[in-house]
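Novice: Predicted model and sequence follow; I will ask about them next.
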Amino acid sequence: IIHLMCILLGKPDMSKFPYHAHVDHGKSTLADRLLELTGTIDKTKNNKQVLDKLQVERERGITVKAQTASLFYNFEGKQYLLNLIDTPGHVDFSYEVSRSLSACQGVLLVIDANEGIQAQTVANFFLAFEAQLSVIPVINKIDLKNADPEMVEKQIEKVFDIPRNECIKISAKLGTNVESVLQAVIERIPPPKVHRKNPLRALVFDSIFDQYRGVIANVALFDGMVSKGDKIVSAHTQKTYEVNEVGVLNPNEQPTLKLYAGQVGYLIAGMKDVTEAQIGDTLYLHNHPVEPLPGFKSAKPMVFAGMYPTDQSEYNNLKSAIEKLTLNDSSVTVHRDSSLALGAGWRLGFLGLLHMEVFNQRLEQEYNTSVILTTPTVPYKAILSSAKLIKARRAVQKHLMFIDQNRVMLKYLFPLNEIVVDFYDSLKSLSSGYASFDYEDAGYQTAELVKMDILLNGNIVEELVTVVHKEKAYSVGKTICERLKDSLPRQLFEIAIQAAIGSKIIARETVKAYKKNVLAKCYGGDITRKMKLLKRQAEGKKKLRKIGNIEVPKDAFIKVLKTQSNK
Ligand SMILES: Nc1nc2c(ncn2[C@@H]2O[C@H](COP(=O)(O)OP(=O)(O)OP(=O)(O)O)[C@@H](O)[C@H]2O)c(=O)[nH]1
């Protein structure tokens, strides 16, 4: 008889103290005791969360990856094979829980006798309930001074409608009453409904990339059996492989001759590429196709951040590391991205901030990479109020054609003055260099254009007279005036810069005068002399303004031209 089970955890909302996951309800500790009781591991004082194998899990004291172990248990003269999956408790890793449930018939819902039901307990209960799994509530840490198991029993009855006498009260730390958990599993969790005589149907519920052996797929067999040497097909890729090794997780990999329906184990079939054996895939025997299992809903990322190699020459190594790690953590989404400052990289989506931190730490620890992670952001939907490149230039779309999967050809009718200066530069920069551009003359078109004069102290500067579209006149005029103000050197007199359509002034900027200190040489002394000097200076300025010959620097002309086409 084979039972499958899964341990869940009820735990407080960790968002209040996201990186100090010390208030755990004790499911990995319970897993230790179950492994000891069944003789799967030796009973020593050093067994502390043995299923938390990753360095990041050890360092942070939390489970981030679901771990599987097969246990043999003798009860009333019969031997039972139980498969246990220890799942993470933090909400950021709930995707691990939901996937694990699809390989189980029941769950142990572990609740701290001191803290009682927490948000995560409720969420996990309903995940299991919806999957129609048997739920065994386990009240842990009854050894604690403030433990109140009776209060927790009442909560369980009230919230989950599970009779209080179905709760098992234990201390995973001391091993108190843990044996009754195993007995409850046998009595209350039904064996899986599987068909050994049918052709193989195996669900890949987890995958790991091993540097030497390629992809190691964790599988739950729903039908049939599989042995070394069998030819199998991936429903996802339709690729065929020869099975090199099958085995059980005890909790370490232990090769066996076969895996049978109802068992959970691992399978190695020479899959070298991380796109093979995706989580949720169904494996079947060559020439015996089966209906694929439903697989998993894809995870929905909540937090996004850019990831770049610290050194661009490490780009390919980091790419391969990300691919391998996302095989093991399929809840991360990856899109290529690039930044002017940081170079080529990716935009990654995570289920939360802790998930992002853990992924980054695993990349560094397990793949020896060094990355720059940008500030995390959440997704927004934005309606762009500023017009895009092409729209802003009064273009009319004429044609659109997909040349292949990655290329699209667009044909537009543009006013020539909109593209003549910097359209090409903007296009290249907006498309990160991918877009190319060519144009041919399409003849004259009627348009609402106006002649715009630029005046410096009332004199029209002929070189700056422009023709602009009526709708853009105000913004172009304003920007030209601003740019001229920046490029004109200050003089002894004030310069008024104006944009005008006919006699109507539509924009104005002023370049302030240098104030020459005519009193610099008058130390102390006679106030009337000072007044005289200041009066003469003001008269001089008036003269200069009238006859003022303002030099406009060369680059001001280019800046003005660019203004027209940018607007
Ligand atoms: N006093 C007492 N402490 C316990 C008991 N069971 C677990 N603990 C302690 O509670 C802490 C958390 O235990 P874990 O087993 O890591 O908890 P977990 O539920 O696996 O947590 P996550 O992996 O983060 O989901 C550890 O310090 C354990 O030693 C118990 O029965 N009594």
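Specialist: Perfect, thanks for sending it.
Novice: Could you check how far the nearest residue to residue 396 once chain neighbours are set aside is from the ligand?
Specialist: Of all residues not flanking residue 396 in the chain, residue 413 sits nearest, at 4.6 Å (Cβ to Cβ, 6 or more residues apart in numbering). C-beta here means a position set from N, CA and C on the backbone, and glycine is covered the same way. According to Cβ to the nearest ligand atom, to the nearest Å, residue 413 stands 61 Å off from the ligand.
Novice: Contact partners for residue 413?
Specialist: 395, 396, 398, 442, 445 (Cβ atoms under 8 Å, 6 or more residues apart in numbering).
Novice: The last one against residue 417, yeah?
Specialist: Meaning residue 445. No - using Cβ atoms under 8 Å, residue 445 is not in contact with residue 417; the gap is 11.9 Å.
Novice: more crowded one of these two?
Specialist: Applying other Cβ atoms under 10 Å to residue 445 and residue 417 shows that residue 417 carries more neighbours, namely 17 against 9.
Novice: distance of that one from the ligand?
Specialist: Distance from residue 417 to the ligand, by Cβ to the nearest ligand atom: 64 Å.
Novice: before we move on, what about residue 477?
Specialist: In this view, residue 477 and the ligand are 64 Å apart by Cβ to the nearest ligand atom.
Novice: Can you tell me the element that residue falls in?
Specialist: For residue 477, the host element (DSSP states H and E) is helix 473-487.
Novice: Off-centre distance for that helix?
Specialist: 42 Å (Cα atoms, centre = their mean, to the nearest Å).
Novice: Ok, stretch 24-41 next?
Specialist: 33 Å.
Novice: shift numbering so it begins at 189
Specialist: Shifting the count to begin at 189 puts that one at stretch 212-229.
Novice: now the strands for the stretch 239-388 of the chain?
Specialist: With DSSP state E, counting those that start in this stretch, the ranges of strands along the stretch 239-388 of the chain come out as 255-263, 266-274, 294-300, 322-328, 356-357.
Novice: okay if I get those as CSV plus mean pLDDT and mean neighbour count?
Specialist: Converted to CSV, the strands of the stretch 239-388 of the chain look like this (pLDDT from 0 to 100; neighbours: other Cβ atoms under 10 Å):
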stretch, mean pLDDT, mean neighbour count
strand 255-263, 87, 19
strand 266-274, 87, 21
strand 294-300, 91, 26
strand 322-328, 93, 25
strand 356-357, 96, 18
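Novice: List the buried residues in the strand or helix carrying residue 447.
Specialist: Taking DSSP H and E as the criterion, residue 447 maps to strand 446-448. Across strand 446-448, burial judged by 16 or more other Cβ atoms under 10 Å covers 447, 448.
Novice: so what strands line up beside it?
Specialist: strand 413-415 (antiparallel) (DSSP bridges).
Novice: Walk me through which strands the helix or strand just after the partner strand pairs with, and which way each runs.
Specialist: Using DSSP H and E, the helix or strand that follows strand 413-415 in sequence is strand 419-422. In the sheet, strand 419-422 lines up against strand 428-430 (antiparallel), strand 470-473 (antiparallel) (DSSP bridges).
Novice: With adjacent residues omitted, what lies nearest to the residue of the stretch 389-538 of the chain found nearest the ligand?
Specialist: Ranked by Cβ to the nearest ligand atom, the top residue of the stretch 389-538 of the chain for proximity to the ligand is residue 439, at 14.4 Å. Using Cβ to Cβ, 6+ apart and skipping residues adjacent in sequence, the residue nearest residue 439 is residue 257, 3.8 Å away.
Novice: Nearest residue to the residue nearest in space to the middle of the chain in space, ignoring adjacent ones along the chain?
Specialist: The centre of the chain sits closest to residue 537, judged by Cα atoms, centre = their mean, with a distance of 1.0 Å. Spatial nearest neighbour of residue 537, chain neighbours left out: residue 489 (2.7 Å); criterion: Cβ to Cβ, 6+ apart.
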